[in-house]
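Engineer: Sequence and computational prediction follow.
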Amino acid sequence: MDTNTTNKYKYLGILIYNYASLNLNSHFEKSFKRAAGRLSMLRKLRLYLDEKAAKAIYNSLILPTLSYCGILSLKLFPSQVSRLT
């Protein structure tokens with residue numbers, strides 16, 4: 001009986017590499033890119049929105065992307081923290 005192995009596994013939207021170690025860098029990168037794309041969309045729409053609508057879009061589309069699975073509370077590298085600020 002053959003056993004299939006893999007270097008990465010996607011579980012609940014988080015990519016986990018090499019079962020022996022938990023590395024969330026790829027999850028951070030994917031979440032950051034998704035949030036950056038949505039922020040870019042909001043930037044383009046901002047001229048047509050009032051402040052309340054812009055905040056609603058931010059709170060419903062961008063903030064959850066960054067806070068999913070506690071990405072903001074992880075021990076991030078300084079380079080990752082600088083990209084968030």
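Structural biologist: Good, I have the coordinates.

Engineer: For residue 54, which non-adjacent residue is closest in space?
Structural biologist: residue 46 (5.9 Å; C-beta to C-beta, 6 or more residues apart in numbering). All C-beta spots, glycine's among them, are computed from the backbone N, C-alpha and C.

Engineer: The nearest residue to residue 57 once chain neighbours are set aside: which element?
Structural biologist: Using C-beta to C-beta, 6+ apart and skipping the chain neighbours, the partner closest in space to residue 57 is residue 42 (5.6 Å). Element membership for residue 42 (DSSP states H and E) is helix 25-45.

Engineer: Mind giving me the packing neighbours of that helix?
Structural biologist: strand 14-17, helix 51-57, helix 63-67, helix 78-84 (3 or more C-beta pairs under 8 Å, 6 or more residues apart in numbering; DSSP states H and E).

Engineer: Figure out which of the ones you listed is closest to residue 26.
Structural biologist: With C-beta to C-beta as the measure, strand 14-17 is the member of the helices and strands packed on helix 25-45 nearest residue 26 (4.5 Å).

Engineer: Out of the helices and strands in the protein, which is least certain?
Structural biologist: The weakest-scoring helix or strand in the chain, judged by mean pLDDT, DSSP states H and E, is strand 14-17 (a mean of 66).

Engineer: Before we go further, residue 10 is sitting in a strand, right?
Structural biologist: Yes: judged by DSSP: H, G, I helix; E, B strand; the rest coil, residue 10 forms part of a strand.

Engineer: count of residues packed around it?
Structural biologist: A total of 11 residues lie near residue 10 under the criterion other C-beta atoms under 10 Å.

Engineer: hang on, the earlier thing: quick one: the helices and strands packed on helix 25-45 as a markdown table, columns for mean neighbour count too.
Structural biologist: Shown next, in a markdown table, are these (neighbours: other C-beta atoms under 10 Å):
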| stretch | mean neighbour count |
| --- | --- |
| strand 14-17 | 16 |
| helix 51-57 | 12 |
| helix 63-67 | 15 |
| helix 78-84 | 10 |
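
Engineer: And these, which one averages the lowest pLDDT?
Structural biologist: Ranked by mean pLDDT, those end with strand 14-17 at the bottom, a mean of 66.

Engineer: Going by neighbour count, which residues of stretch 38-50 are buried?
Structural biologist: 38, 39, 42 (16 or more other C-beta atoms under 10 Å).
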